[in-house]
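**Q** The following comprises the amino acid sequence and a computationally predicted model.
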Amino acid sequence: MRRRANKMKRSQDISVLLLGSRGREVSAGTGEFYCPACGDMRPYKRKRIGRYFTVYFIPVFQIEKLAEWLQCEVCQKVFPIEVLQHAPPPNPQRILEEVKKDLTAGMSVQQTQIKLRNSGLRPDLMYKVIEVVIGDQRVTCPNCKHEFLAGAVFCGNCGTKLS
Ligand SMILES: [Zn+2]
Ligand SMILES: [Zn+2]
């Protein structure tokens, strides 16, 4: 009887001494986001503070999530997770490069316009971008009237050979 009581007492002491919980900062992944402070796409580190169940003061598993945030790896500023939902404002240089790439790859002016319109670009900017990239270096398909960057051999829309 006395032995059992001793044993119980000891296990209670152990649980008081060795089990607990504490907050702990952990890394919760990385990625790329539009950093409002830098004004550009930046790599981020996602951090989280969780309350951890501890044994011997060593965190074993997370009990609850206390806070989560992102840190820009370039400017080191910290943002709430919701910042990931913010779409970056249109970057003229990036749009220009993409249009150039598409037209060079054989996409027609008309197809490029549809793509830009679907991405939410304002129509006046859309025409301006295409004008800057292609200018009057165009060749028109005699069959479907789609326009291509000069030098294109075949119409990417209907397959007609371009002169
Ligand atoms: Zn930044
Ligand atoms: Zn055609």
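**A** Yep, that arrived. Model, not experiment: these values are computed from the prediction. Ligands and ions are numbered 1, 2, ... in the order given.
**Q** Low-confidence stretches in the chain?
**A** 1-17, 89 (pLDDT under 70).
**Q** Output the set of residues of it in proximity to ligand 1.
**A** C35, A37, C38, R42, C72, V74, C75 (C-beta under 5 Å from the ion). (Each C-beta comes from the backbone N, C-alpha and C, glycine too.)
**Q** By neighbour count, which of the residues you listed wins?
**A** Tallying neighbours with other C-beta atoms under 10 Å puts C35 at the head of the residues of the chain next to ligand 1, with 23 neighbours.
**Q** Could you pull up phi and psi at that one?
**A** In terms of degrees, to the nearest 10, the main-chain angles of C35 are phi -80, psi 120.
**Q** For it, give me its contacts.
**A** Residues near C35 by C-beta atoms under 8 Å, 6 or more residues apart in numbering: M41, R42, Y44, C72, V74, C75, K77, F79.
**Q** Kindly recompute the last result at 10 Å.
**A** 41-44, 70-75, 77, 79, 83, 86, 88 (C-beta atoms under 10 Å, 6 or more residues apart in numbering).
**Q** Just the buried residues of these.
**A** R42, Y44, L70, Q71, C72, F79, V83 (16 or more other C-beta atoms under 10 Å).
**Q** What is the nearest of these to Q110?
**A** Nearest to Q110 out of the buried ones among the contacts of C35 is R42 (C-beta to C-beta; 34.8 Å).
**Q** So this protein: which segments form each domain?
**A** 20-85, 92-149 (automatic domain parsing).
**Q** Tell me which of the ones you listed sits nearest to ligand 2.
**A** Nearest to ligand 2, of all the domains of the chain, is domain 92-149, at 3.1 Å by C-beta to the ion.
**Q** Output the domains of the chain in TSV, with distance to C155 appended to each entry.
**A** Listed next are these as TSV, based on distance: least, C-beta to C-beta, whole Å:
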stretch	distance to C155
domain 20-85	35
domain 92-149	4
